[in-house]
Each structure stands twice: as structure tokens, then as C-alpha cells.
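>>> Sequence and predicted structure are below.
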Amino acid sequence: LTAGETVPRSSTPPPVRLQISPTAAQVRTARLIAAAVARRSGVADGQLDEIRLAVGEACSRAVRLHREYAPTELVTVLLDGAGDFSVRVRDAVPAGSEADGGDSLDGIAAFDGDGAVPAAFSLAVIGGLVDDLEIGPTPAGSGTEVRMRWPLAARSGLPTT
Amino acid sequence: VDLSLSTRTEGDRTVVAVGGEIDVYTAPKLREQLIDLVSHGNYHLIVDMEGVEFLDSTGLGVLVGGLKRVRAHEGSLRLVCTQERILKIFRITGLTKVFPIHSSVDEAIAASD
């Protein structure tokens, strides 16, 4: 930077990579960080609630699966505000481990209330909430990646706080 | 923000006022409260969600579980909620068809049969 230049307030923040242990408390941590990065990336304020909920669901799904099948592995969360705001939540549980039932909206209403709430409930909520959603194998192929994207509000150069 | 729960009786209805965040971390506390109420013979529950700041699928599961329990005793579970961001979660999961949702505790009490 030369004298007089300033860093634009609306510049894209660097991507964030977060790894959380599979505990309920860390789901909250991920949710808070995702909302903070989304805000700084320039996502419209009106979408922050949706992002908080969707990221929380993706993380709680992964955490519940890890606790059952991979309790010593970490859940990875990648946040990137370049171009759009993307969130990728990666678990390390082989696909197909997830219990059947509950991955549809009917599954929630049919839940008998006993035992743990199925991890697949989260996918039902995410599916109803997020327009730009992809669920597939992780690049390493050892688990599942839930990828969600939201558009950024028009960059005005004004602080978004 | 943690979960707060307070319970009071209105005739034969039990009102559970919930505040804070109902998520994977706090939902077990709400679940225990609902199970405890039902096991003590409170079968007509009104869950007041007006103080809820966050609700996820774990919380939904706990509420559905509560509904199943009171129905086993021919009871009822009614919700009080006017917050759009919370109502949206019930809508996208189809649970507005499962729970009677009221705009005030008084309305829920009056609606109870």
C-alpha cells in the first residue's frame, strides 16, 4: 500500500477453516463463527438467521454421526466469502452409515420421540431452508460434504457492520 | 445464551415458557422437562416459544416427542409462537400441520378442549 491508500472495508475476508470436536457445544461455536464470517463477507443481514440455522444443522448432523461412528475424528467446516458465501461441512463417516428414516419431512412428524433425534432430521431442515445446496462425497472420499451457498449483497464499499 | 424453562399451571393446563436457544446442546434439558411433566400426570401442555431465540431440528424432535407422549394419554401439546423466524422452521418441516400454533398463551388456553 502506498501512502493514502486504505484497505476497502468490503474486501473479501480470507477463507476460514475450522475443525471441531464432535460435541454439541462446538456446534454453537461453528454457528457463531459462520455468522460472523458471513456478515463480514457481505451477506445481507436478513439471511444471517438462515445461515446460522443451516450451518448449525449441518454441523449437528455431522457431530451426531461422528459421535456414533467416528468419535475421535474432527468435523471440518470451510467458510469462504469469495464471489458468494459458501459453507462446506465435512464429516469423516462413510456414506450409508446414516440411519434410514427421518431424511424426509414426513420423518420428523413420524419420529416417536424416543432415543436420539436422528441426524437425518438436519438434512430435512437444510433441504427446506437452503436453495443452493449440494450433498456429496468429500474430496478425499471418506465422508460426506454438505455444501451450501448464499449470494452476497451488492458490494457498496460501505461497512457492513 | 442458554435455555431457560419455567412452568406454571393454568387450570388443568401446564404452561412451559421456554427462553433462549433450543439446539443440540440444550434440547436434552427441554426433553427431560417434558418427560417429567408427563410422568407427573400433566397431559395438557402449552409450550410458550415467544422467548426462543433459536430452534433447530433437535428441538423440533423434542417437541414432536412431547406430543407423542401426551397423546398416549389423550392429552395435548399446543405451541405459542408469533416469531416469523421460528414459525418458518415449523413451516418448512411441515410441522405446522402437526402442532396447533397459537398467537398467545390465553388463546392456547381457550382453544384447549
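Here it is on my side, so go on.
>>> pretty sure residue A:72 is in a helix, no?
No: under DSSP: H, G, I helix; E, B strand; the rest coil, residue A:72 falls outside any helix and is assigned coil.
>>> quick one, longest helix in chain B?
Selection of the longest helix in chain B by residue count, based on DSSP state H, yields helix B:57-71.
>>> Show me what the helix or strand following that one is packed against.
Following helix B:57-71 in sequence order, the next helix or strand is strand B:76-80 (DSSP states H and E). Packed against strand B:76-80 by the contact rule (3 or more C-beta pairs under 8 Å, 6 or more residues apart in numbering or on different chains; DSSP states H and E) you find strand B:44-55, helix B:57-71, strand B:101-102, helix B:105-111. The way it works is simple: take the backbone N, C-alpha and C, and place the C-beta from them, glycine included.
>>> Going along the chain, name the strands of chain A.
With DSSP state E applied, chain A shows strands at A:16-20, A:75-80, A:85-90, A:132-137, A:144-150, listed in chain order.
>>> To residue B:94, which of those lies closest?
Nearest to residue B:94 among the strands of chain A is strand A:132-137 (18.0 Å), distances taken as C-beta to C-beta.
>>> Now residue A:139: closest residue in space that isn't a chain neighbour?
residue A:145 (7.6 Å; C-beta to C-beta, 6 or more residues apart in numbering or on different chains).
>>> ah, wrong one, I meant residue B:76
residue B:44 is the one closest to residue B:76 (C-beta to C-beta, 6+ apart), at 5.1 Å.
>>> one step back: buried ones in the longest helix of chain B?
B:57-70 (16 or more other C-beta atoms under 10 Å in any protein chain shown).
>>> got it, and stretch B:72-83?
Buried-residue list, stretch B:72-83, by 16+ other C-beta under 10 Å: B:75-81.
>>> Any chance of the residues you listed in CSV with distance to residue B:7 and pLDDT as columns?
Below are those laid out as CSV (distance: C-beta to C-beta, whole Å; pLDDT from 0 to 100):
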residue, distance to residue B:7, pLDDT
B:75, 15, 96
B:76, 16, 96
B:77, 14, 97
B:78, 15, 98
B:79, 15, 98
B:80, 14, 98
B:81, 18, 98
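>>> Specify which member of the residues you listed is nearest to chain A.
residue B:77 (10.8 Å; C-beta to the nearest C-beta).
>>> What about residue B:12, how many residues nearby?
11 (other C-beta atoms under 10 Å in any protein chain shown).
>>> need the contact list for it.
Going by C-beta atoms under 8 Å, 6 or more residues apart in numbering or on different chains, residue B:12 touches residue B:44.
>>> between the buried residues of helix B:57-71, which is closest to chain A?
Distance ranking of these against chain A, using C-beta to the nearest C-beta, places residue B:65 first at 2.3 Å.
>>> thinking again about what came up before, would you reformat the helices and strands packed on strand B:76-80 as CSV and include mean pLDDT?
Formatted as CSV, the helices and strands packed on strand B:76-80 follow (pLDDT from 0 to 100):
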stretch, mean pLDDT
strand B:44-55, 97
helix B:57-71, 94
strand B:101-102, 98
helix B:105-111, 95
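>>> before we move on, the earlier item: let me see the contact set for the residue nearest to residue A:139.
Contacts of residue A:145 were listed using C-beta under 8 Å, 6+ apart, and they are A:88-90, A:134-139.
>>> 6 Å instead?
With contact taken as C-beta atoms under 6 Å, 6 or more residues apart in numbering or on different chains, residue A:145 is in contact with A:88, A:90, A:138.
>>> How confident was the prediction at it?
We have a pLDDT of 96 for residue A:145.
>>> what is it paired to in the beta sheet?
For residue A:145, the beta-bridge partners are residue A:90, residue A:136 (DSSP bridges).
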